[in-house]
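J.: build me a model:
(2 chains)
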Amino acid sequence: MSSTTPNQIATNALRRSQLYRRHMAMSAAFEALTDSTVVSCYGTGEGELKQAQHLGLADLSTLPRAGFKGLGTPDWAAGQGLQLPVQPNRANLQDDGTLVARLSQTELLLASNLDGLSESIANISLGSQLPERVYSLPRSDSHSWLVLCGSQAAATLSKVCGVDLRPHKFANGEVAQTSIAKINGVLVRNDLGETLSYSIFSDSSSIEFLWDSLLDAMAEFEGTAVGIQALRDC
Amino acid sequence: MSHTSRLSPPFGSLIDRQQPIHFRFEKRNYEGFAGDNIASALAANQQWLLSRSFKYHRPRGVLTMAGQDANSMIQLPSDPNALADRVAISDGLEVMGQNYSGSLNRDSGALLGLFSRFLPVGFYYKAFFKPRGIWEKWAPLIRKKAGLGVINQDYQSEYYDKQYQFYDVAVIGAGPAGLSAALQAAKTGAEVLLVDENASLGGSLNYSRLDAEGIAARELRQQLVAEVEASANITAMTSATCNGWFADNWLPIICGKRLYKVRAKQTILCVGSLEQQAVFHNNDLPGVIMSSAAQRLMHLYGVRPGKTAVVVTGNNEGYATALDLLDAGVQVKAIVDLRQQPEYNEIAQYALSKGLEVKTGYAVYAANKDRSGLHLGSVEVREIISQGVCAASGETIACDTLCMSVGYTPTYQLICQGGGQLSYDDDSSMFTLTNCPDNCQIAGSVNSHWQLGDVIADAQRAAIIATNELGLSTQALPDAITLSQHQGPNFGWPIFAHPKGKEFVDFDEDLQIADIINATRDGYEHVQLVKRYSTCGMGPSQGRHSALATARLVAAATNKTVAQTGVTTARPPFSAEHLAHSAGRSFYPAQRSNMHYRHLEAGAQMLQAGAWYRPAYYGTTNQRESSINNEVKNVRNNVGLVDVSTLGGLEVRGPDAAEFLNRFYTFAFLKQPVGKARYALLTNEAGVVIDDGVACRFSEQHYYVTATTGGVGNVYQSMLKWNAQWRLDVDIANVTSAYSAVNIAGPNARKVLAKLCSDIDLGSEAFPYMGVREGTVAGIAARVIRVGFVGELGYEVHIPQHCGEALWDALIDAGAEFSIKPFGIEAQRILRLEKGHIIIGQDTDAMSNPTEVNMAWAIAKKKPFFVGGRSIQELNKAPLKRCQVGFVVNDLNAPIPLESHLVLDGDRMTGRVTSCNYSPTLNKPLGLAFVEPDQAEAGSHFKIKSSGGVMVDAMVVELPFYDPETQRQEL
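T.: Numbering: from 1, shown residues only, chains lettered A, B, ... in the order given. This next block holds a predicted model:
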């Protein structure tokens, strides 16, 4: 048995979030995923649930994602057992917690549940060769994945995004493909239980910039980074 | 100093007398209270002189107490031209006056006023254009004398930011109209934003006198504000300025250090009116103030404006001011009523009952200085004989305060920015506003309603229109409020010329009556031309207090009506704003590869290419040249590793993928074998080279195409655009950020890669030059491409983005036994130059066609169409005007030419250098240059004008410079 700890894996895993140095500098505790790690909590994690309910930012970039586009995508995906949102710019959760966002009539974005073991993604990604006019997109790598959650999340986003994302104007499951802190992103409202939550998917090479920009915007509302465990606990 | 003249409550509603605050003005200590602004706190200490005027250095002080005039501009440590009647005092604040020579009290620059008759309007235009060059001599002197505040060049930037907000209804102005409109709208459930630039909601209710006893305004304010504060769906912002109106109710609202970018479905502008000054000799003396300023001083700050006052008025508001002054213990010497036949209201009659001396049909003809020369000492009052003309003599009344109440202009700026029309009624002498933009209403005094009941009814009506439009209410719309038939507040001609002038129309620019009239006499009759010739209305207050008087004067001078004359265009911003508000928090998106920190750890000096950070070279800056040269040598002789994650990556997939590329790029792609890469040169419709890369065919229907770092965005958009026309069955995806990539290059590249790659046969026959394979490298799914950009055996390895650092680590480890070293962009540039490869954008320009840059080989001759093909055909029919050649500099002592250095033939410019570097491989400088075709033959020489004008001899050589047989990259 290897005695490697998750924190060591963070520096040695095949897949590494570009933020892992920042996480380590904030005394992050990591938990292992298949070929990567994700921040479980910062420090002891005490009070992190409350922080997440107030205002938290989590990096889920190492969790699995998938994307598909092409004219044949809706029928094929439905045939794979996915429950698709009826119209574009809507998202829903599958039974296993996988988030499916419909970005256009013919484009889907799938994001793992918080266990990082999304069956829907595993099944659909490992399935037989894609039929004609269904094209996979490398969403696990093209996009980073940040979750901004808590009662102050909408107010924070109003400092970096020109879309009205207030909870009573932007319903759970709505999708905005927009500019966030001057970079393109897909923003999905995906509440965690009763906690307001937005998943932000944006260019993976810009994640450090976006992370810093969001933390800067959050400071006014006393927001901080949180680990994935706080999201699960919400 | 301490404040000595504060009035007892209820005067001073904004100040907290329990919180003293200490600050300094002109290096003297002062005390004020929390809630004071600089002007009010100084006034409480009898410091009325705030600054000096722009042109004549005249003493200036409080005028409006509303942050609307340039007279109150002061210098803060990091903020010139701050408004003393807008900026709150704070402990330790250092405040100075502005624009004086010597001291504020004794300004030698004021001598300029003595020469004002020699400085007529248009003086600069007339005086300094001959002889040639004279302006350059005068300009520094004039600019030193005529100026405003001083910029602190050591200013440390502060944190400003922006926030988006969204509302159903935005109400701008929180006076009685704004409060009423907001409440009416909120009743329907609308989300309402209520904005006011003052520190307290209520507008004129905070300081106006609406009844004889002087209590109605206060009670109404308390009631309305309490209702607003109790309303859950009204957001009230005070000390917030709506600085513009833009299409679709986009409202920039500045509050503190934040710019709120507000989108409102409906806007109601209840922005009120601006009190105007009377125009008479010395009307700018400190102590001559608007009536509303006197009321603000007393009611908001508990400051008595003076000891003895005269009120000059053209309406009944002046009588209300007189009553307020009496309540504050000020001796009111006289009310000078410009009207011949006043129509008194209840308040005026009450004032009359107090036994005040009223001089009806009289004007203030001149103001006189006191002994100090810095403040009002008396006014000269004369009977009005005819419009603007006074009797030959009059009466002098000693006073230290003159309150002016002669009329208003609506605060038209925001409405006019939205296309609103400003008209003038010559009978009532008032401006009116019409033609508001869609989804925008005006209400209250800005809409020409002056009676309180009318103001409130008008505001409620505007709110009903707004909420009905939003579908939040279906109320029957009340009839429009008819304009009051009572005598209006504006006196038609409060302008009285004086033989000695100094009757200021525009305080900002020290413009007098004669300046405006003379501008029309100089031929500038249109009010827009008068503005530009005289600079009237171009100062910091943007004509707030000069537009009406100017329009009247221009109208009279040109025999037109004021309605025909109009006013100048109002443009945003409404009031001065810091550039920092527009800039906000700095968002400079930065892109970093997954290996970024490995470069830093290896000592890389990073450079930015667009938003990307890339390693320029590894080593200290003082060892730049040797570091780069060593990196080059290591690639040529051993093996190097470069991060090429920034390369663009595009997936082109589908049944028509090959046909699409065949149309899009210049080369032929239909017969490209699977497992091979092909050079892809892109031209635009004009046949100009705009990008390049390689197209890797991984299956019949799948190409992975690389593009340049800076060009991939445009290439992707161009692909989408063309296929929108072609309708080919193909899918295009920009996957640039999905892949990390490295190029491992050098004679030992294969050996290193082989240690990590078990499922791809890397042998030269199994995996030849320009082959592409899929497999794993260090256990990571990889696309491997054999390319030769640097002219050596090399492999580009493209792997999922998040695995970039792991791959880098694995390659560095595997290469350790071969002394692998990373190399940066600078070394890569030299390596590719030695191989004669161009960089699009550096070695090409906006006119470069493929033939000029030796890329004719990359054009398929037989295919029927590609983007730019037709243009290239036509270009090729004409003789070449320039061509790109390789050159070497054999004189090793000559300065190395740089990019864009000129190629000369005698004195004639015949081309330019596009790339040049010292080659550690060939031990001499070599480069690429555009030259004329007759200079292009190998062995011929041309001259380059290098740094410092040194002429460098260059010799044309065949390309490539290195490995002409192309044996190295095909090992």
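
J.: buried stuff in stretch A:155-174?
T.: A:155-165, A:170, A:173-174 (16 or more other C-beta atoms under 10 Å in any protein chain shown). C-beta: built from backbone N, CA, C; applies to glycine.

J.: and the residue nearest the centre of chain A, which helix or strand is it part of?
T.: The residue lying closest to the centre of chain A (C-alpha atoms, centre = their mean) is residue A:145, at 3.8 Å. According to DSSP states H and E, residue A:145 maps onto strand A:143-149.

J.: can you give me the helices in the stretch 351-500 of chain B?
T.: Using DSSP state H, counting those that start in this stretch, the helices found in the stretch 351-500 of chain B span residues B:413-417, B:452-470.

J.: relative to residue A:121, how far out is the residue nearest to the centre of chain A?
T.: According to C-beta to C-beta, to the nearest Å, residue A:145 stands 13 Å off from residue A:121.

J.: do residue B:963 as well
T.: Distance of residue B:963 to residue A:121, given as C-beta to C-beta: 47 Å.

J.: those two - which one has more neighbours?
T.: More crowded of residue B:963 and residue A:121, by other C-beta atoms under 10 Å in any protein chain shown: residue A:121, with 25 against 18.

J.: so who does that one touch?
T.: Contact analysis of residue A:121 by C-beta atoms under 8 Å, 6 or more residues apart in numbering or on different chains lists A:64, A:65, A:66, A:98, A:110, A:112.

J.: same thing with residue A:142?
T.: Residue A:142 neighbours (C-beta under 8 Å, 6+ apart): A:67, A:203, A:204, B:735, B:737, B:738, B:801.

J.: ok, these vs residue B:594, which is closest?
T.: Proximity of these to residue B:594 (C-beta to C-beta) peaks at residue B:801, which lies at 5.6 Å.

J.: where does the stretch 51-200 of chain B get nearest to chain A, residue-wise?
T.: residue B:166 (4.2 Å; C-beta to the nearest C-beta).

J.: leaving out chain neighbours, which residue sits closest to residue 142?
T.: Assuming you mean chain A. Spatial nearest neighbour of residue A:142, excluding adjacent residues (C-beta to C-beta, 6 or more residues apart in numbering or on different chains): residue B:738 at 3.7 Å.

J.: looking at chain B here, not the other one
T.: residue B:124 (7.8 Å).

J.: ok, now residue B:77?
T.: Distances taken as C-beta to C-beta, 6+ apart put residue B:94 closest to residue B:77, at 5.5 Å, once the chain neighbours are dropped.

J.: quick check on the one you found: phi, psi?
T.: With angles defined as degrees, to the nearest 10, residue B:94 sits at phi -100, psi 120.

J.: hmm, residue B:262 is touching residue B:248, no?
T.: No: contact criterion C-beta atoms under 8 Å: residue B:262 and residue B:248 do not qualify, at 11.2 Å.

J.: the two: which is more packed in?
T.: Counted by other C-beta under 10 Å, residue B:262 and residue B:248 do not tie: residue B:262 has more neighbours, with 22 against 12.

J.: quick revisit: could you identify the most distant pair in the buried residues of stretch A:155-174?
T.: It's A:159 and A:173 that sit farthest apart of those, by C-beta to C-beta, at 23.6 Å.

J.: tally of neighbours for residue A:88?
T.: Residues lying near residue A:88 (other C-beta under 10 Å) number 14.

J.: and what of the one 4 residues further on?
T.: For residue A:92, the count of nearby residues is 17 (other C-beta under 10 Å).

J.: ok, residue B:394 next?
T.: By other C-beta under 10 Å, 18 other residues sit near residue B:394.

J.: kindly report the same for residue B:824.
T.: As a burial measure, residue B:824 scores 25 neighbours (other C-beta under 10 Å).

J.: and if you look at residue A:129?
T.: Counted with other C-beta under 10 Å, residue A:129 comes out at 5.

J.: pull the contacting residues for it.
T.: No contacts exist for residue A:129 under C-beta under 8 Å, 6+ apart.

J.: distance of it relative to residue B:775?
T.: Look at residue A:129 and residue B:775: by C-beta to C-beta, they are 18 Å apart.

J.: rewinding a little: quick check, the residue nearest to the centre of chain A in contact with residue A:65.
T.: Yes: in this structure residue A:145 lies within contact range of residue A:65 using C-beta under 8 Å: 6.6 Å.

J.: quick one: common contacting residues for those two?
T.: Taking C-beta under 8 Å, 6+ apart as the contact rule, residue A:145 and residue A:65 both touch A:111, A:201.

J.: so residue B:193 makes contact with residue B:262?
T.: Yes: with contact defined as C-beta under 8 Å, residue B:193 reaches residue B:262; the gap is 6.4 Å.

J.: shared neighbours of the two, which are they?
T.: Common neighbours of residue B:193 and residue B:262 (criterion: C-beta under 8 Å, 6+ apart): B:165, B:167, B:170.

J.: before we move on, the earlier item: got the contact list for the residue nearest to residue A:142?
T.: By C-beta under 8 Å, 6+ apart, the contact set of residue B:738 is A:137, A:138, A:141, A:142, A:204, B:649, B:800, B:801.

J.: understood, closing this out.
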